[in-house]
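Student: Coordinates for the following, if possible.
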Amino acid sequence: MLKLSKLTDYAVVVLIKLSSTPEACDAVQTSPGIACATGVPEPTVAKVLKALTSAGLVASQRGARGGYRLLRTLDDIAIADVITAIDGPIALTACVDGALTPCETQSLCAVKGRWDLVNDAIRRALGGITLADMREASIPPAFRIAPAVTARLLAPLAE
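Tutor: Model (predicted):
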């Protein structure tokens, strides 16, 4: 079974939470606040945020008004980016192109290089799914509002 780590799952939850405020790319949220809102333990949130900061998906801000904020919108963050930030490069086997350690049986392997096709297909599939897709999938259809309707509802507020 192909299975992502719990930290990757938590990272998706944290990133979606970071987007939940108006002007999400400008809004700063604290690690304890995110933990409280998501139910993910604060040390785990802090660990995830550190990795996401290193990967350039979020920015940290120190000081009394410090916290974390998104550097990109959810539409611009692919699930593949999150997986790579938390778990490292997407690789189904140790012998795909770019593996850090060579396979012990590489010279005898009948399928040498063939896993790259599968690995590339998975990377492409995960690269085509954004966090915005994940956020939308978590909203029941009855509660989804089409972007055009949202724009119509918000237009009077902008005047």
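
Student: C-alpha from now on. contacts and neighbour counts both.
Tutor: Will do.

Student: end to end, how far does stretch 12-32 reach?
Tutor: By Cα to Cα, to the nearest Å, the extent of stretch 12-32 from end to end equals 17 Å.

Student: Pull the distance from it to the chain's centre.
Tutor: Distance of stretch 12-32 from its chain centroid, counting by Cα atoms, centre = their mean, to the nearest Å, is 12 Å.

Student: got a list of contacts for that stretch?
Tutor: Applying Cα atoms under 8 Å, 6 or more residues apart in numbering, the external contacts of stretch 12-32 come out as 34, 37-38, 42, 45-46, 49, 61, 65-74, 82, 131, 135.

Student: Count the residues that sit near Leu92.
Tutor: As a burial measure, Leu92 scores 14 neighbours (other Cα atoms under 10 Å).

Student: Leaving out chain neighbours, which residue sits closest to it?
Tutor: Leaving out its chain neighbours, the residue that sits closest to Leu92 by Cα to Cα, 6 or more residues apart in numbering is Asn119, at 6.1 Å.

Student: Gly113 is in contact with the one you found, correct?
Tutor: No. Counting by Cα atoms under 8 Å, Asn119 does not reach Gly113; the two are 10.3 Å apart.

Student: Give the next helix or strand downstream of the helix or strand where Ala11 lies.
Tutor: Here Ala11 sits within helix 6-18, counting by DSSP states H and E. For helix 6-18, the following helix or strand on the C-terminal side (DSSP H and E) is helix 31-38.

Student: distance between that following helix and the chain's centre?
Tutor: 17 Å.
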